[in-house]
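**Q** Here is my input, please return the structure:
(chains A, B, C and D)
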Amino acid sequence: MAKKIYPDAASALEGLLFDGMTISAGGFGLCGIPERLIDAIQASGVKNLTIASNNAGIDNEGLGKLLRTRQVKKMISSYVGENKEFERQYLAGELEVEFCPQGTLAERMRAGGAGIPGFYTKTGVGTQVAEGKEVKSFDGEDYILERGIRADLAIIKGWKADESGNLIFRKTARNFNQPAATSGKICVAEVEEIVPVGSLDPDCIHLPSIYVKRLTCGAPYDKKIEFVTTRERESA
Amino acid sequence: MAKKIYPDAASALEGLLFDGMTISAGGFGLCGIPERLIDAIQASGVKNLTIASNNAGIDNEGLGKLLRTRQVKKMISSYVGENKEFERQYLAGELEVEFCPQGTLAERMRAGGAGIPGFYTKTGVGTQVAEGKEVKSFDGEDYILERGIRADLAIIKGWKADESGNLIFRKTARNFNQPAATSGKICVAEVEEIVPVGSLDPDCIHLPSIYVKRLTCGAPYDKKIEFVTTRERESA
Amino acid sequence: MTAHDHLTNGWDRNQMAARAARELRDGYYVNLGIGIPTLVANNVPAGMTVTLQSENGMLGIGPFPYADEVDPDLINAGKQTISQLPQTSYFSSADSFAMIRGGHIDLAVLGGMEVSEKGDLANWMVPGKMIKGMGGAMDLVAGVKRIIVVMEHVSKNGDPKFIPECTLPLTGKNVVDMIITDLAVFERPDHNSPFKLVEMAPGVSAEEVRSKTSAQYVE
Amino acid sequence: MTAHDHLTNGWDRNQMAARAARELRDGYYVNLGIGIPTLVANNVPAGMTVTLQSENGMLGIGPFPYADEVDPDLINAGKQTISQLPQTSYFSSADSFAMIRGGHIDLAVLGGMEVSEKGDLANWMVPGKMIKGMGGAMDLVAGVKRIIVVMEHVSKNGDPKFIPECTLPLTGKNVVDMIITDLAVFERPDHNSPFKLVEMAPGVSAEEVRSKTSAQYVE
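**A** Next comes the predicted model:
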């Protein structure tokens, strides 16, 4: 079988990175981010990246690391709070940002991966987001044309994958990882565990093996939480 | 909790049927078709239906039953072979047929369910399918505009559902059931088993409960096969 | 604390949330924004099943977890740790917004900076201040069946927030169905009708509402 | 049966499939049409992993099942019963065609009625005959990275099928990369180049191919 498994993130990315490339990245906040792959991209020194990702990490976590090293030229994101270095570069005009509504961003990734170069949505009609975009009326309502995103590379984080590349996510860590994966000309995935073929239920594969071209196990993970919120146990 | 479970298909459809309505139906060939709901629609006598379904059943199986009783005005399908009554009505001009490429049909249902009134696809460019449709160029390639399908009612067949309406399919019986379900203003599902809430893995729900407004258990099923193909056991 | 304490102040944050909760119906699927809207979850009437959606890919949000059950893979759209319920399902962001955009969510309760008398909403950016982004707000107001905005009636400077035209960049045009402030409730039956003052907080007069509102509305 | 038996007839159905199988590469994801293309599955070289996709929602098609393992919920796009493999995954028709349309499938092998010298394919309807529909063929030719058409070189009447312009309604315009007939193989490196005769079946001459082909091609 063609081998998809690589010993680490750096080798899994070998030959795929080039200056000025576009990358789709999974994750929501710090949940389900491809942190090993981000570290390897940082180490590679590749520059002038355009990154489509819902968020931009926080200072020195997630994509925040690539901002710190000035490897990012442009972000396509829906929300970039909680990131001082981002704010500094953005306000100084050093970093380009395309704000994209969260659902539109997810759909643009899915569309790009599904061979759909453009689709119409009501999201953003009559707002700044609609500026410069084609407006079309369907059944008396206005919609704007949004473009699919086809990235040079997708980087994603999964929970488990089998050796053939079938992959599953865990809870809300699925988020943008699934559409981001499909939007890349090639997708590299990091997971917490690689299991033998046949270990996963074929009815419950979130990302079929065809999308996962290279795979590496990044365990152990020390997952970060942005806001820990808890409740008290009621005394019996 | 608002009750979603109905004792049979007829009661699950009560108040939802009207002459001239549009219905999205799941199934591929005879695999995963909502047969109890089709029977109940037949018994209701509702007329002039427009049905979006990949196939039209075979003589006296699946949607073929509604063709026999002349309840269907128009089919939106990708393949309608293996059906003599269909052929007769079609050739006699009694039945309208909109041929739609299989992938375009699936995407039109998904788009309708996802609030996308139109999307561009390369499928069918330069063929009869493109006639009368807007052509648009993206990055130097031509695409045609296809419309989302929003049906008055979706009828689908699932494998198991929990009491809240979370639903899973089995093997290739998933097919059009998932996109058809989302494309209906209301979706009625029949399943082989209804299980208590909490029985299904929340990471493996194919159709979240929000899409399943009414639910009935249609067991026991005697599932039909169009072409039984087998191999011989090699003698040891 | 009783309603009486607020006779002259209008509703507090929790009372505004409780008022919004009165718009819930059994079986509803609902998306709640950050801030006061989140408090609506604590005010769901007993015996009523309301399923909460989180746009990062979850249906059936449970309460905050116990400290020993915190899970980094289980957060809400505000990036807070939460818990799951027996009826929970998870899905991707693409599927989540297909659900939102497709009109499958019955109700969203969101915060607002400004609402215009035509139902425009501004709640995502203030020119001159650092832009953080719209997140999922534009998708929610465009896709969800019914939009309730919960906000203070006036700004910190005392300026009306329910106004003739929004001055801030819009989140959505002609999208708001109901406005709940600390003073009053405005509603309209459809997107072609004007808002109507349908309720006032205890101790608040129609005159007070009028004096603090620059939008046109029906009384 | 050896190749020698066919020296004067060109390739038989299975040999055409075997020739198509020589285009497979390790790790390929492939969609096979009904008829001769299906036979390609029997000709995958030993030691090579090729994953077959079925457009009704399956990746990793196994062989036909044993009689006692037939499952009505497990069929291929030709509606035949099949079996699953350890690496199989199932998905919806929408996800299946997202995969196809998005260019994720490496290769499709399809039957054909006519192919034009510009790479147009006609394989779904004959005017005057009952139209059964295009099924997934239009999506496949529009989306899959490389399209191989396997067909008899001439029709039952002896008319060429590789022709200057298709006479039948098209399945796709400028979509075919390689043509494998019982007599020869034509290929082109990209969609702006003409087809080139790259191989002939044993015992078939370039002259015979020429005499049975009305399309222009490079020799």
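**Q** Please compute how far the longest strand seen in chain C lies from its chain's middle.
**A** Criterion DSSP state E: the longest strand present in chain C is strand C:84-90. In terms of Cα atoms, centre = their mean, to the nearest Å, the centre of strand C:84-90 is set 23 Å apart from its chain centre.
**Q** Report all helices and strands that the next helix or strand after that strand contacts.
**A** Using DSSP states H and E, the helix or strand that follows strand C:84-90 towards the C-terminus is helix C:93-101. Under the contact definition 3 or more Cβ pairs under 8 Å, 6 or more residues apart in numbering or on different chains; DSSP states H and E, helix C:93-101 sits against helix A:102-113, helix A:177-183, strand C:51-54, helix C:137-143. No exception for glycine: its C-beta is placed from N, CA and C like everyone else's.
**Q** Would you mind extracting the C-alpha trace of helix C:93-101 into CSV?
**A** Provided in CSV are the C-alpha atoms of helix C:93-101 (Å, rounded to 0.1, in the frame of the first residue of the first chain):
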residue,chain,number,x,y,z
SER,C,93,-18.6,24.0,11.0
ALA,C,94,-19.8,23.5,7.4
ASP,C,95,-22.7,21.4,8.5
SER,C,96,-23.4,23.7,11.4
PHE,C,97,-23.8,26.7,9.2
ALA,C,98,-25.8,24.7,6.6
MET,C,99,-28.2,24.3,9.5
ILE,C,100,-28.1,28.0,10.4
ARG,C,101,-28.2,29.4,6.9
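**Q** quick one: average pLDDT of it?
**A** Here helix C:93-101 scores 98 as its mean pLDDT.
**Q** and it, how far out from the chain's middle?
**A** Worked out by Cα atoms, centre = their mean, helix C:93-101 lies 19 Å from the chain centre.
**Q** same deal with stretch A:182-202?
**A** 15 Å.
**Q** Contacts (any at all) between chain C and it?
**A** No - using Cβ under 8 Å from any Cβ of the partner chain, stretch A:182-202 stays clear of chain C, with a minimum separation of 8.8 Å.
**Q** quick one: average confidence on that stretch?
**A** Here the average pLDDT along stretch A:182-202 is 98.
**Q** what about it and chain D, touching?
**A** Yes - legend: contact between stretch A:182-202 and chain D by Cβ under 8 Å from any Cβ is shown at A:Thr182, A:Val197, A:Gly198, A:Pro202.
**Q** Just the endpoints, please. Distance across that stretch?
**A** 19 Å (Cα to Cα, to the nearest Å).
**Q** In that stretch, which residues are buried?
**A** A:182-185, A:187-192, A:194, A:197, A:200, A:202 (16 or more other Cβ atoms under 10 Å in any protein chain shown).
**Q** Show me the strands in chain C, by range?
**A** So, for chain C - with DSSP E - the strands run C:29-32, C:51-54, C:58-61, C:84-90, C:107-111, C:114-116, C:121-122, C:147-150, C:162-163, C:178-180, C:184-187, C:196-200.
**Q** elements contacting the last one?
**A** Translated: strand C:196-200. strand C:184-187, helix C:206-211.
**Q** In the chain, what helix or strand scores lowest on average pLDDT?
**A** Just so you know, I chose chain A. Between all helices and strands in chain A, the lowest mean by mean pLDDT, DSSP states H and E belongs to helix A:84-91, at a mean of 88.
**Q** Actually, chain C is the one I wanted.
**A** Counting by mean pLDDT, DSSP H and E, chain C has its least confident helix or strand at helix C:36-39, which shows a mean of 94.
**Q** contact partners of that one?
**A** C:Arg13, C:Asn14, C:Met16, C:Ala17, C:Ala20, C:Leu32, C:Gly78, C:Val109, C:Leu110, C:Gly111, C:Val150, C:Met151 (Cβ atoms under 8 Å, 6 or more residues apart in numbering or on different chains).
**Q** for stretch C:132-142, same thing?
**A** Outside stretch C:132-142, the residues that reach it (Cβ under 8 Å, 6+ apart) are A:77-81, A:99, A:101-104, A:121-125, A:127, A:129, B:115, C:31, C:33, C:55, C:77, C:97, C:100-101, C:105, C:108, C:110, C:121, C:123-125, C:147, C:171-172, C:175-176.
**Q** sorry, back to before: going through the contacts of helix C:36-39, which ones are buried?
**A** By neighbour count, with 16+ other Cβ under 10 Å, the contacts of helix C:36-39 hold C:Met16, C:Ala17, C:Ala20, C:Leu32, C:Gly78, C:Val109, C:Leu110, C:Gly111, C:Val150, C:Met151 as buried.
**Q** want to try a markdown table for those, with pLDDT and distance to B:Asp222 as columns?
**A** Formatted as a markdown table, these follow (pLDDT from 0 to 100; distance: Cβ to Cβ, whole Å):
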| residue | pLDDT | distance to B:Asp222 |
| --- | --- | --- |
| C:Met16 | 97 | 57 |
| C:Ala17 | 97 | 52 |
| C:Ala20 | 98 | 50 |
| C:Leu32 | 97 | 46 |
| C:Gly78 | 94 | 50 |
| C:Val109 | 98 | 48 |
| C:Leu110 | 97 | 50 |
| C:Gly111 | 96 | 55 |
| C:Val150 | 98 | 54 |
| C:Met151 | 97 | 58 |
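**Q** Columns distance to chain B on top of those, output as CSV?
**A** Converted to CSV, the buried ones among the contacts of helix C:36-39 look like this (distance: Cβ to the nearest Cβ, whole Å):
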residue, distance to chain B
C:Met16, 26
C:Ala17, 22
C:Ala20, 20
C:Leu32, 15
C:Gly78, 20
C:Val109, 17
C:Leu110, 18
C:Gly111, 23
C:Val150, 23
C:Met151, 26
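**Q** got any ranges where the chain has weak pLDDT?
**A** All of this is about chain A. A:1-2, A:235-236 (pLDDT under 70).
**Q** ah, I was thinking of chain C
**A** C:1-8.
**Q** Contacts only, for A:Lys160.
**A** So A:Lys160 contacts A:Leu167, A:Ile168, A:Val191, A:Glu192, A:Glu193, A:Ile194, A:Val195, A:Ser199, A:Leu200 (Cβ under 8 Å, 6+ apart).
**Q** Tell me what it is bridged to.
**A** A:Ile168, A:Glu193 (DSSP bridges).
**Q** For C:Asp71, see how far away it is.
**A** In this view, A:Lys160 and C:Asp71 are 16 Å apart by Cβ to Cβ, to the nearest Å.
**Q** same deal with A:Asp152?
**A** 33 Å.
**Q** Burial check on A:Leu67, number of neighbours?
**A** Close neighbours of A:Leu67, defined as other Cβ atoms under 10 Å in any protein chain shown, add up to 25.
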